[in-house]
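Student: Everything below, folded, please.
(2 chains)
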2 protein chains.
Amino acid sequence: MSHNILFQQGNMQLLSEGLLDGTITLKELLSHGNTGIGTGEGIDGELIIIDGVGYKINHHGETEILNDSFNITFADTHFDHYQLLTEVDDVNLTTCLNDIKQLISGNNLFFSVKLHGNFKQITTRSAKKSVKPYPSLEKVGENQVEFTAKNVTGTLISYYSPMLYQGVTVAGFHSHFLADDLSIGGHVLTAEIDHVTAYTQIFRSFLQSNPIDDFDFIHADLSDINKLDTVIKNVE
Amino acid sequence: MSHNILFQQGNMQLLSEGLLDGTITLKELLSHGNTGIGTGEGIDGELIIIDGVGYKINHHGETEILNDSFNITFADTHFDHYQLLTEVDDVNLTTCLNDIKQLISGNNLFFSVKLHGNFKQITTRSAKKSVKPYPSLEKVGENQVEFTAKNVTGTLISYYSPMLYQGVTVAGFHSHFLADDLSIGGHVLTAEIDHVTAYTQIFRSFLQSNPIDDFDFIHADLSDINKLDTVIKNVE
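Tutor: This is a model prediction of the structure:
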């Protein structure tokens, strides 16, 4: 267990190629961290892990507490060792995150931002689970649903990765949210901050794990790197 | 300590941007593996680690045993848990490595190949250390020297990385060599195998570590991903 490591199961190329099998259980993922974001097998909702508890925001917008055996396709996770950075008022999320990146000289670093507090408005997304044989990315996109709430208190977990790692992960910020009362959550599209406390944690190392026992993964043709652009635009 | 992890200090983008400071000592690197390849501060020779001993092949073609405090810019390392794969006769290295990749269905995997035995011919490269302020890559290239030997017995350590990771590491195979009698070694350019025993080790995870305490790294402009092409061609 190290606070200096960001663990990632899978990579964005697998998603872009429709390799959506779950390849790690929540229980095993939690051995790599007590905080994180991800998605379930077949893009089964949007996940957030807070204080060692895994939550899924499903395509109805409901929040479910996950059990140990839940199967995960893609996730970033780490052990919480956030440092208090600052209080933030009256700004939109994109500006807030970019300001934080400047403040910690984080352009070339892997780091996480945690925001907790009140949001004037937040818009999130989740998806309905697809089953095998998995549909094209466009079809998966059609299974996505958006949710909006105003004046909601909750936790936002974001990971920042440098540009070089686009495709291995999501370059830039990738943020998930969960309301304290579980009333809204998911992959964050836009948000307006009322007042939040901002915490950051910088990682020395990026530990990326691949499903080397998965037949589909081993035998997939992953030579076309350009396909990645589509899925990454889809995620952002 | 895990046999499933390939550890890497630094990334190829740092080399391409002339960030050549040593950022890890040999002693610390050896905590991540007893087998590996790399280069010293300022592209100070070509390194190979075998059975927990670090060797540098310098620009005169001489092999030095490194001490714990030797400073390393870039290295791949792992704990030796190679499995015997096959015996190989009378073939060039490129064909041999590609055949092994097919045999283990390794296209999408991080893995290492170790070859030990007799080579009909081997051509390697090393470089003279550059000092700060580091010269351009072209100048570093001018400090490179090639060596050739015929009928030599030794160990070749190679790492294979999938295409997706080009720039983070060297996609494809990246091989270093050391003769049993230390008479030749370095970054392998070409080789003709007489008879070798081939071993492989597959990694589930890739642990990539960045020099987050290094001022030059933190403040470098690493937004131009395209520069990478030059350095990678230079390495291959």
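Student: SS state for the residue most central in space within chain A?
Tutor: Within chain A, the residue whose C-alpha comes closest to the C-alpha centroid is residue A:37; the distance, by C-alpha atoms, centre = their mean, is 3.6 Å. Here residue A:37 takes the strand state, with states given by DSSP: H, G, I helix; E, B strand; the rest coil.
Student: which residue sits closest to it, ignoring its sequence neighbours?
Tutor: The spatially closest residue to residue A:37, leaving aside those adjacent along the chain, is residue A:176, at 4.0 Å (C-beta to C-beta, 6 or more residues apart in numbering or on different chains). Where you see a C-beta, it was placed from the backbone N, CA and C, and this is true even at glycine.
Student: Next one: that neighbour, what pLDDT does it get?
Tutor: Residue A:176 carries a pLDDT value of 98.
Student: Am I right that it falls within a strand?
Tutor: Yes. Checked against three-state DSSP, residue A:176 lies within a strand.
Student: Contacts only, for it.
Tutor: Going by C-beta atoms under 8 Å, 6 or more residues apart in numbering or on different chains, residue A:176 touches A:37, A:46, A:47, A:48, A:124, A:156, A:157, A:158, A:185, A:186, A:187, A:188.
Student: Quick one, which of the residues you listed are buried?
Tutor: Among these, those classed as buried by 16 or more other C-beta atoms under 10 Å in any protein chain shown are A:37, A:46, A:47, A:48, A:124, A:156, A:157, A:158, A:185, A:186, A:187, A:188.
Student: possible to save those as TSV with pLDDT?
Tutor: Formatted as TSV, the entries for these read as follows, by pLDDT from 0 to 100:
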residue	pLDDT
A:37	98
A:46	98
A:47	98
A:48	98
A:124	98
A:156	98
A:157	98
A:158	98
A:185	98
A:186	98
A:187	97
A:188	98
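Student: out of the residues you listed, which are inside helices?
Tutor: Taking DSSP state H, every one of the buried ones among the contacts of residue A:176 sits outside helices.
Student: Can you tell me which of those is closest to residue A:219?
Tutor: Of all the buried ones among the contacts of residue A:176, the one with the least separation from residue A:219 (C-beta to C-beta) is residue A:47, at 27.1 Å.
Student: interface residues of chain A facing chain B?
Tutor: Contacts of chain A with chain B, taken as C-beta under 8 Å from any C-beta of the partner chain, map to A:5, A:11, A:13, A:105, A:107-110, A:162-168, A:202-210, A:212, A:217-220, A:222-223, A:225.
Student: Please repeat the previous calculation with a cut-off of 7 Å.
Tutor: When proximity is defined by C-beta under 7 Å from any C-beta of the partner chain, chain A lies next to chain B at A:11, A:13, A:105, A:108-109, A:162-165, A:167-168, A:202, A:204-210, A:212, A:217-220, A:222-223, A:225.
Student: now those: which count as buried?
Tutor: A:11, A:13, A:108-109, A:162, A:164-165, A:167-168, A:202, A:204-210, A:212, A:217-218, A:220, A:222.
Student: any idea how far residue A:146 is from chain B?
Tutor: The gap separating residue A:146 from chain B is 30 Å, by C-beta to the nearest C-beta, to the nearest Å.
Student: Low-confidence stretches in chain A?
Tutor: Under the criterion of pLDDT under 70, the regions of chain A flagged as low confidence span A:1, A:229-236.
Student: the longest helix in it is where?
Tutor: For chain A, the longest helix by residue count, based on DSSP H, is helix A:93-103.
Student: Counting by contacts, list what that helix packs against.
Tutor: Secondary-structure packing of helix A:93-103 (3 or more C-beta pairs under 7 Å, 6 or more residues apart in numbering or on different chains; DSSP states H and E): strand A:185-203.
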